[in-house]
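# fold the stuff below for me.
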Amino acid sequence: MKQNRMRLPDSYHIMASTLFGLEQCTHLESTVTPAVWKRELTRTLRCIRRAVNLNLQSTTDAHRSEVLSYLTLAARGVKHAETTDEAGAAVIQALTFLILCILGRAPNHFNMKSTASDSCWSLAAFRSITYAVSDTQRYAFLIDRATPDQRQAIFAARRTHDLHTMPEVFTWVHANYPDLCRSVT
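Numbering: from 1, shown residues only. Predicted coordinates for the structure are as follows:
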């Protein structure tokens, strides 16, 4: 790469620590060489690939392959980039199409004069995304959003009120912490 050191925004350190853990990001300085930046982009793309492989379950093999192909495209773009700008552009291009593909399909507006119509952005021609949330996931989300005091009260109530099923827990929480329930539903 033909550039000098580049400054990393503070938000990158936070994002990287969230993905990889604080211990794995202590080596990052506020400015990095282009080679370090390419390694960071590659590491992030590997993380996204792993998440896609583990979490994109209810789809066809063709769809999963298409999503993964965008990550391969990004990794190839980073590897062959001669500047940090080229590496960043390769990642932005690939992640844009990856996100649109996960939402349904990547649009093809190449010969269109305008994309202002909502019909241009309805990506459900091939598939539509539906999020299913189990009671266990709702409970985990509820506990995550609860304050420490609310968490302690919920755990205590499960023991003392014999709340064995998730619907019983949700009913108790709704009666005692309606604001918390509204933030979760």
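# separation between residue 63 and residue 95?
From residue 63 across to residue 95, the span is 17 Å (C-beta to C-beta, to the nearest Å). (Glycine included, C-beta is placed from N, CA and C.)
# repeat that for residue 165.
Taking C-beta to C-beta, one finds residue 165 at 41 Å from residue 95.
# do residue 33 as well
23 Å.
# what is the lowest-mean-pLDDT helix or strand in the chain packed up against?
Ranking every helix and strand in the chain by mean pLDDT, DSSP states H and E puts helix 178-184 at the bottom, with a mean of 81. With contacts defined as 3 or more C-beta pairs under 8 Å, 6 or more residues apart in numbering; DSSP states H and E, helix 178-184 has these neighbours: helix 135-145, helix 166-176.
# would you turn the ones you listed into JSON lines with mean pLDDT, distance to residue 101 and mean neighbour count?
Output for the helices and strands packed on helix 178-184, formatted as JSON lines (pLDDT from 0 to 100; distance: least, C-beta to C-beta, whole Å; neighbours: other C-beta atoms under 10 Å):
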{"stretch": "helix 135-145", "mean pLDDT": "86", "distance to residue 101": "24", "mean neighbour count": "14"}
{"stretch": "helix 166-176", "mean pLDDT": "89", "distance to residue 101": "34", "mean neighbour count": "15"}
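# and these: which comes nearest residue 7?
Nearest to residue 7, of all the helices and strands packed on helix 178-184, is helix 135-145, at 33.2 Å by C-beta to C-beta.
# next, the angle helix 166-176 makes with the closest one.
30 degrees (axes from the mean of the first three to the mean of the last three C-alpha atoms, to 10 degrees).
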